[in-house]
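Engineer: curious how this folds, go ahead:
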Amino acid sequence: MRKFATTASLLAVLFALAVVPAATAEREAAEPPAACAGLVEQLAQTLKKVIEPLTTTPPVPGNAAAPLGDVLGLLAALQGAKCLPLPPVSAPVEQEFQGPKLCLSNTMAAFAGVYSVLIKVVPGAVPPEPTKVVAEVSTLLKTLNDMVKNCGLPAPPGGLPTMPKPPA
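Structural biologist: Next up, the predicted model:
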């Protein structure tokens, strides 16, 4: 009996030394799945379609609604491919996203930014002031760039688009 108690104590100590530090150590960000690069490139192309109607003379913010809907679909596809984290929920999730610390907040800010612009340009909404929409889209583009960088996603060739400066 004494031999069993000694062996069990020794095994408990070894288990604690092996498991506890591994469980509490901060995990390294995993390499994003291969599908992420293609989805980020599609996101960049779709963002160009969002910018286009806002840079015409005169700007037509309503024409940005459909591409903004596509941006939402691509953000959801990035989450489905485990490139971006899902929002935290009260029920346990099967597999928790392991990414950089700012990734979740940048992802949620990206969704919020898209919805914020979309409610202003959706057909039937009060016609927005184009300069305010352009400023909000500029902020959205910065948020999306931060999301790609902070989530460790591969940047598309040439990076994500930015809002061009208006002619002086």
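
Engineer: distance of the residue nearest the centre of the chain relative to residue 148?
Structural biologist: Nearest to the mean C-alpha position of the chain, by C-alpha atoms, centre = their mean, lies residue 107 at 3.3 Å. Going from residue 107 to residue 148 by C-beta to C-beta, to the nearest Å gives 10 Å. (Glycine included, C-beta is placed from N, CA and C.)

Engineer: what's the burial count for the residue nearest to the residue nearest to the centre of the chain when sequence neighbours are not counted?
Structural biologist: Take residue 107 and drop its neighbours on the chain: the residue closest to it by C-beta to C-beta, 6 or more residues apart in numbering is residue 84, 4.8 Å away. Residue 84 has 27 neighbours, counted by other C-beta atoms under 10 Å.

Engineer: quick one: the helices in this protein?
Structural biologist: Secondary structure of the chain (DSSP state H): helices at 2-24, 35-55, 65-80, 103-121, 130-150.

Engineer: flag the shaky bits of this protein, pLDDT-wise.
Structural biologist: Applying pLDDT under 70 to the chain flags residues 1-32, 90-100, 166-168.

Engineer: spit out the contact partners of residue 129.
Structural biologist: Residue 129 makes contact with no residue under the criterion C-beta atoms under 8 Å, 6 or more residues apart in numbering.

Engineer: please renumber so the chain begins at 39
Structural biologist: Got it, the first residue is 39 from now on, which makes the last one we talked about residue 167.

Engineer: give me every residue that touches residue 113.
Structural biologist: Going by C-beta under 8 Å, 6+ apart, residue 113 touches 81, 122, 145, 148-149, 152.
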